[in-house]
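K.L.:
pasting the sequence and the predicted coordinates here, then a few questions.
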Amino acid sequence: MNDDADEFSEQQLQRMAAKLLAGYQPPTALSGLGEKEQRMAAKLLGASNAERLARTGGDKPFKYRRPTHVIEFYMGAWGWAVDLIENGKRLPFKSNLDDEKLAIVLAAIKQKGVPVRRFETEGEKQDRLDRERRLETSPTVKERPKSARFDILYEVMDIRP
């Protein structure tokens, strides 16, 4: 066999590629984008909309849905952690924050009008239940120390504190 028959000129290859790709549409809107462009799309549209756009084919129209955001913060192993919940999906936002940094982050988020709530971890929940159980069994009632002077005054005036 002659290997020269398999050789094509660069111009012939480019013409054939143009013919083959003339009717080509990418399967999804994001499939032709690089990693950086996909991150930019996720930042602009929101992570859930970017995922939907990546799944939507070229023949189906894409309809943007405004994402619902909620911020949850909780005490982690190394400090406070803040998570963004977008359409029910938890995304890590900030972590290893001390009390001051947490206050700054939450103030900035609240200023934008995003709802913020405290998330109770399993350890915190167990501590709270133990504390409530202890208070139910042995409530700590503080009694005022008695003073002889006020006892006489209460007896004379016939009043009780």
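P.N.:
Perfect, I can see it now. Numbers count the residues shown, from 1 in each chain.

K.L.:
number of residues surrounding Lys101?
P.N.:
A count of nearby residues for Lys101, using other C-beta atoms under 10 Å, gives 14. The way it works is simple: take the backbone N, C-alpha and C, and place the C-beta from them, glycine included.

K.L.:
helix or strand for Gln14, which one?
P.N.:
For Gln14, the element it lies in under DSSP states H and E is helix 10-21.

K.L.:
and for Arg117?
P.N.:
In this structure, Arg117 is located in strand 116-118 according to DSSP H and E.

K.L.:
tell me the strands beside that strand, with direction?
P.N.:
In its sheet, strand 116-118 lies beside strand 69-75 (parallel), with partners assigned from DSSP bridges.

K.L.:
re earlier: run through who's touching the strand holding Arg117.
P.N.:
The set of residues that contact strand 116-118 without belonging to it, under C-beta atoms under 8 Å, 6 or more residues apart in numbering, is 70-74, 106, 109-110.

K.L.:
what do you get if the cut-off is 6 Å, keeping everything else the same?
P.N.:
For strand 116-118, contacts defined as C-beta atoms under 6 Å, 6 or more residues apart in numbering pick out 71-72, 106, 109-110.

K.L.:
now swap in stretch 62-79 and tell me
P.N.:
Residues from elsewhere that reach stretch 62-79, judged by C-beta under 6 Å, 6+ apart: 46, 48, 53, 56, 80-83, 85-87, 96-98, 109, 114-117, 119, 121.

K.L.:
which helices and strands sit right next to the top helix by length along the chain?
P.N.:
The helix that spans the most residues within the chain, counting by DSSP state H, is helix 122-137. With contacts defined as 3 or more C-beta pairs under 6 Å, 6 or more residues apart in numbering; DSSP states H and E, helix 122-137 has no helix or strand neighbours.

K.L.:
and it, how far out from the chain's middle?
P.N.:
Remark: helix 122-137 is offset 28 Å from the chain centroid, using C-alpha atoms, centre = their mean, to the nearest Å.
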